[in-house]
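Asks: please find the sequence and the predicted model below.
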Number of protein chains: 2
Amino acid sequence: MSQQPRSRVANRPVTPGRTAPTRPENTALSPTQPPVDDDAVIEVQGVYIISVAARILDMHPQTLRKYERIGLINPGRTIGMLRLYSAEDIKKVRLIRYLSDELGLNLAGVEFALAAFDNMSAIKQRISSRLEGIPAAQKVVQEEMDLLFDSLNLPVDR
Amino acid sequence: MSQQPRSRVANRPVTPGRTAPTRPENTALSPTQPPVDDDAVIEVQGVYIISVAARILDMHPQTLRKYERIGLINPGRTIGMLRLYSAEDIKKVRLIRYLSDELGLNLAGVEFALAAFDNMSAIKQRISSRLEGIPAAQKVVQEEMDLLFDSLNLPVDR
DNA sequence: CAAACTTGACATGACTCGTATCAGACTCTA
DNA sequence: TAGAGTCTGATACGAGTCATGTCAAGTTTG
């Protein structure tokens, strides 16, 4: 299994459409960095520090670190490199846990499944946009692709 | 982790109809058996007993039996219950081996992946048929779904 | 008839996974 | 600024998985 080159920088390339994470009061380790400088400060990456995320998920912090090491998740970082887990990240970990615990996939399988989901979502998007002018066809594809997602037995949460 | 109900992963088939692309049941090897009936035009595809299949695949017979026990494959049987592996079956085992050896999936992951492939194929089929009257849309879907299959990194052979 | 097959049970070595710990350096909050 | 928490990297452990292997007793095939 190949690994993404680890970036040392607070990252999150992000596909379009990612909504700016909110900042719940809850245990938020306020990344209230004094504005390092100009711009950027706006894009708050995560909300929960690893110990909090682990508690929320009832999982061991080391497990979260391992998931990150093998490229399953990609939490943001503070300037000081502390991991920050967004609600998105938490949700993804829950999906990983479902695939692992409930379906019995190993981590290679989880990686495969996540990639498949992503690809399916992307294709659905692409088809829909290419069928812009043909609403009838768009509807058919929408319906069937939803069926396809259903067929994967994902947890309602997802 | 328990693993009795070997259907944890079993994605529900998208279509109620066909499921396994296994060879027609009545294609018994037994030369002593007269063809069940007319249409049994016997494809000379070849049908192998387990020892031959294992040799072809360079795998242990026990491994093939295990794959069958957990539902990954479904070779035919002679009247006397000897397993009969068709070319289809052989190909499927090769895919299983690829997913396992090359991608590192465990058997639960293989089960999941195979089900996903089936469902994707089925959906592609359904969409195509529902788009019968709109060739332009049909073409778009065809292209994109092929892209989706490509994205799964299947071996050329498959 | 003999060879190869059947099912079912159990065993083995190599590997995976989540968890755990240690050390030394760094970050963040109070 | 003190101290609790986090960082990376290494190492380790128990439990589980997987392919393979063996045994026994019975059946099928050529």
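Replies: Looks like it arrived, so ask away. Residues are numbered from 1 along each chain as shown, chains lettered A, B, ... in the order given.
Asks: is chain B within reach of stretch A:146-158?
Replies: Yes: on the criterion CB under 8 Å from any CB of the partner chain, stretch A:146-158 is in touch with chain B at A:147-148, A:151-153. (Each C-beta comes from the backbone N, C-alpha and C, glycine too.)
Asks: top of those residues by neighbour count?
Replies: A:Leu148 (23 neighbours; other CB atoms under 10 Å in any protein chain shown).
Asks: what angle do the host helix or strand of it and helix B:135-151 make?
Replies: A:Leu148 is part of helix A:135-150 when elements are defined by DSSP states H and E. Counting by axes from the mean of the first three to the mean of the last three CA atoms, to 10 degrees, helix A:135-150 lies at 30 degrees to helix B:135-151.
Asks: list of residues touching helix A:135-150?
Replies: A:120, A:124, A:127-128, A:131-132, B:14, B:119-120, B:123, B:126-127, B:130-131, B:134, B:137, B:140-141 (CB atoms under 8 Å, 6 or more residues apart in numbering or on different chains).
Asks: sort out which of the residues you listed are in helices and list them.
Replies: A:120, A:124, A:127-128, B:119-120, B:123, B:126-127, B:130, B:137, B:140-141 (DSSP state H).
Asks: ok, the residue of chain A found nearest DNA strand D to A:Arg65 distance?
Replies: Closest approach between chain A and DNA strand D, counting by CB to the nearest atom of the strand: A:Ser51, at 2.6 Å. In this view, A:Ser51 and A:Arg65 are 12 Å apart by CB to CB, to the nearest Å.
Asks: let me know the helix or strand that the closest residue to chain B within chain A is in.
Replies: Relative to chain B, the nearest point of chain A is A:Gly109 (2.6 Å; CB to the nearest CB). Assessed by DSSP H and E, A:Gly109 sits inside helix A:107-130.
Asks: and A:Arg77, its phi and psi?
Replies: A:Arg77 adopts backbone torsions of phi -140, psi 150, taken as degrees, to the nearest 10.
Asks: how deep is it tucked in, by neighbour count?
Replies: Neighbour number of A:Arg77 under other CB under 10 Å is 19.
Asks: spell out which parts of chain A neighbour chain B.
Replies: Selection of chain A residues close to chain B by CB under 8 Å from any CB yields A:1, A:101-106, A:108-110, A:112-113, A:115-116, A:119-120, A:123, A:126-127, A:130-131, A:134, A:136-137, A:140-141, A:144-145, A:147-148, A:151-153.
Asks: buried subset of these, written for PyMOL?
Replies: Buried residues among the residues of chain A next to chain B (16 or more other CB atoms under 10 Å in any protein chain shown), as a PyMOL selection:
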select buried, chain A and resi 103+104+105+106+108+109+110+112+113+116+119+120+123+127+130+131+134+137+140+141+144+145+147+148+151+152+153
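Asks: list, out of the residues of chain A next to chain B, those positioned next to DNA strand C.
Replies: A:106, A:108 (CB under 7 Å from any atom of the strand).
Asks: could you name the helices and strands sitting against the host helix or strand of the residue of chain A closest to DNA strand D?
Replies: For A:Ser51, the enclosing helix or strand under DSSP H and E is helix A:50-57. Counting by 3 or more CB pairs under 8 Å, 6 or more residues apart in numbering or on different chains; DSSP states H and E, the packing neighbours recorded for helix A:50-57 are helix A:61-69, strand A:83-85, helix A:87-97.
Asks: ok, now with 7 Å
Replies: helix A:61-69, helix A:87-97 (3 or more CB pairs under 7 Å, 6 or more residues apart in numbering or on different chains; DSSP states H and E).
Asks: so which of the ones you listed is nearest DNA strand C?
Replies: Closest among the helices and strands packed on helix A:50-57, using CB to the nearest atom of the strand: helix A:61-69, at 3.4 Å.
Asks: the closest one vs helix A:87-97, what angle?
Replies: Using the same axes, to 10 degrees: helix A:61-69 against helix A:87-97 is 100 degrees.
Asks: what's the average pLDDT for helix A:61-69?
Replies: Computed over helix A:61-69, the mean pLDDT rounds to 97.
Asks: about what we covered before: burial of the closest residue to the residue of chain A closest to DNA strand D other than its chain neighbours, as a residue count?
Replies: Distances taken as CB to CB, 6 or more residues apart in numbering or on different chains put A:Pro61 closest to A:Ser51, at 6.3 Å, once the chain neighbours are dropped. Number of residues near A:Pro61 (other CB under 10 Å) recorded here: 16.
Asks: so what's A:Pro61 up against?
Replies: By CB atoms under 7 Å, 6 or more residues apart in numbering or on different chains, A:Pro61 lies in contact with A:50-51, A:54.
Asks: at 10 Å instead, please
Replies: Contacts for A:Pro61 (CB atoms under 10 Å, 6 or more residues apart in numbering or on different chains) come out as A:49-55, A:83.
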